[in-house]
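Colleague: Make a model of this:
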Amino acid sequence: MPITDVYDFYKKMHDENIILSFKGVFTADLLTSILNILESEMVRADVPLKKKKRVYNILVECFQNLYHHIELITHSDLDEAKQKTALVLIKQKGESVIVRTGNFIDSRLIPDLKKRLDFVNSLSEEGLRDMYRMKLSDEEISSKGTAGLGFLDIARKSKNKLEYAFVDVDDKLSFFCLSVIID
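Modeller: Okay, here's the model as predicted:
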């Protein structure tokens, strides 16, 4: 990559109103740093307080989803650091804020994940609220320490359908992409 590509990368980020981007090993400590950077960038972009709170809540849920669900993949060609690598991108498009995340997953997890995401996307606003309350009252906690509320909560707070895609890396590994639009 020629050194001048740095400017092209900067210009693309500027032109697309990228507020924040991160690619690297995902850790719990990362959340505080990203939220601090995001706070100053949203103040600069004059994002209304109510929307800022929704963006924070959604970002925290996305981070918890990444933190709890980054799978340790037994893959001979992929080192552990890459397995725990995540991508977080936050951009402003008009009045909307878009949060995008990506991480490696075991391809065998795709059918279940797709089923859960499609189910969440099939629910109305009232259906999301009812399902969220039902899950809260179930008190069923998974082996990862979660109650399965993440996607429900993200959809509830964004008030939009969750966009997602799976990119095949090889026959055992995929990259899960999630995009959340907050109007």
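
Colleague: And stretch 38-55, what's buried?
Modeller: Within stretch 38-55, the residues that count as buried by 16 or more other CB atoms under 10 Å are 38, 42, 47, 52, 54-55. C-betas here are computed from N, CA, C, even on glycine.

Colleague: Would you mind listing the two of these that lie farthest apart?
Modeller: Pairwise distances across the buried residues of stretch 38-55 (CB to CB) peak at 12.5 Å, for the pair L38 and R54.

Colleague: How far does stretch 34-53 stretch from one end to the other?
Modeller: Its start and end residues considered, stretch 34-53 measures 14 Å (CA to CA, to the nearest Å).

Colleague: meant to ask about stretch 87-98
Modeller: With CA to CA as the measure, the ends of stretch 87-98 fall 14 Å from one another.

Colleague: any idea which helix or strand comes after the lowest-mean-pLDDT helix or strand in the chain?
Modeller: Taking mean pLDDT, DSSP states H and E as the measure, the helices and strands of the chain show their lowest mean at helix 80-83, namely a mean of 64. Remark: after helix 80-83, the chain's next helix or strand is strand 85-93, criterion DSSP states H and E.

Colleague: So which other helices or strands are in contact with the lengthiest helix in the chain?
Modeller: Longest among the helix segments of the chain by residue count, using DSSP state H, is helix 49-69. Taking 3 or more CB pairs under 8 Å, 6 or more residues apart in numbering; DSSP states H and E as contact, the helices and strands that helix 49-69 lies on are helix 30-44, strand 85-93, strand 96-106, helix 150-158, strand 173-182.

Colleague: N17 is nearest to which of those?
Modeller: Shortest separation from N17 across these is recorded for strand 85-93, at 4.4 Å, computed as CB to CB.

Colleague: now the angle between helix 49-69 and the closest one, please.
Modeller: 160 degrees (axes from the mean of the first three to the mean of the last three CA atoms, to 10 degrees).

Colleague: what's the angle between strand 85-93 and strand 96-106?
Modeller: Going by the same axes, to 10 degrees, strand 85-93 makes 160 degrees with strand 96-106.

Colleague: Please enumerate residues in contact with strand 85-93?
Modeller: Outside of strand 85-93, the residues within contact range by CB atoms under 8 Å, 6 or more residues apart in numbering are 16-26, 34, 38, 45, 47, 55, 59, 62-63, 66, 70, 97-104.

Colleague: Give the buried residues for that strand.
Modeller: Within strand 85-93, the residues that qualify as buried by neighbour count (16+ other CB under 10 Å) are 85-92.

Colleague: Please produce a markdown table containing those, extended by distance to R116 and pLDDT.
Modeller: What follows is those, written out as a markdown table (distance: CB to CB, whole Å; pLDDT from 0 to 100):
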| residue | distance to R116 | pLDDT |
| --- | --- | --- |
| T85 | 23 | 83 |
| A86 | 19 | 87 |
| L87 | 21 | 91 |
| V88 | 21 | 92 |
| L89 | 22 | 93 |
| I90 | 24 | 93 |
| K91 | 25 | 93 |
| Q92 | 28 | 90 |
